[in-house]
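Chemist: Have a look; sequence and predicted model below, questions after that.
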Amino acid sequence: QVQLVESGGGLVQAGDSLRLSCAASGRTFSYYNMGWFRQAPGKEREFVAGISMSGSSTYYADSVKGRFTISRDNAKNTVALQMNSLKPEDTALYYCAADATLRGLRVVPGAYNYWGQGTQVTVSS
């Protein structure tokens, strides 16, 4: 089992940057594909970015491609989401998630076994 704790959210203006971090407990972090999801009020939770166990593969939602970068440090049990050129539509509660099924990167929330509590990102126009 793994516990995930996100940090780094906040209130920023459009065009600004934020870096979200997710710290994972447990000794098997490198066996999990990791993902970032977000959920805005009244909307479904949506995939933002994913990274493979080794970090060699990444995948992004079209809405963030070219602006967001996901990375991980298996030695420190952390995964990060660098968010640049933020837009008001990026406003949401951002979640870190772990997929323990040893499959390829997946974008469906139900495919992920473990979730953090979320960190709020608010982008003002």
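Modeler: Received, thanks. Note that the structure is predicted; figures quoted are calculated from it, not measured.

Chemist: how close does the residue positioned nearest the centre of the chain sit to residue 103?
Modeler: Centre of the chain computed as the mean C-alpha position; nearest residue by CA atoms, centre = their mean is residue 36, 2.0 Å away. Distance of residue 36 to residue 103, computed by CB to CB, to the nearest Å: 18 Å. C-beta here means a position set from N, CA and C on the backbone, and glycine is covered the same way.

Chemist: what's the burial count for the residue lying closest to the residue nearest to the centre of the chain once chain neighbours are set aside?
Modeler: Nearest in space to residue 36, with sequence neighbours left out and distances taken as CB to CB, 6 or more residues apart in numbering, is residue 48 at 4.4 Å. For residue 48, the neighbour count with other CB atoms under 10 Å is 24.

Chemist: quick one: strands adjacent to the helix or strand hosting residue 48?
Modeler: Per DSSP states H and E, residue 48 falls inside strand 46-51. Note on strand 46-51: by DSSP bridges, its sheet partners are strand 33-39 (antiparallel), strand 58-60 (antiparallel).

Chemist: The residue nearest to residue 36 against residue 82, yeah?
Modeler: No: with contact defined as CB atoms under 8 Å, residue 48 does not reach residue 82; the gap is 11.8 Å.
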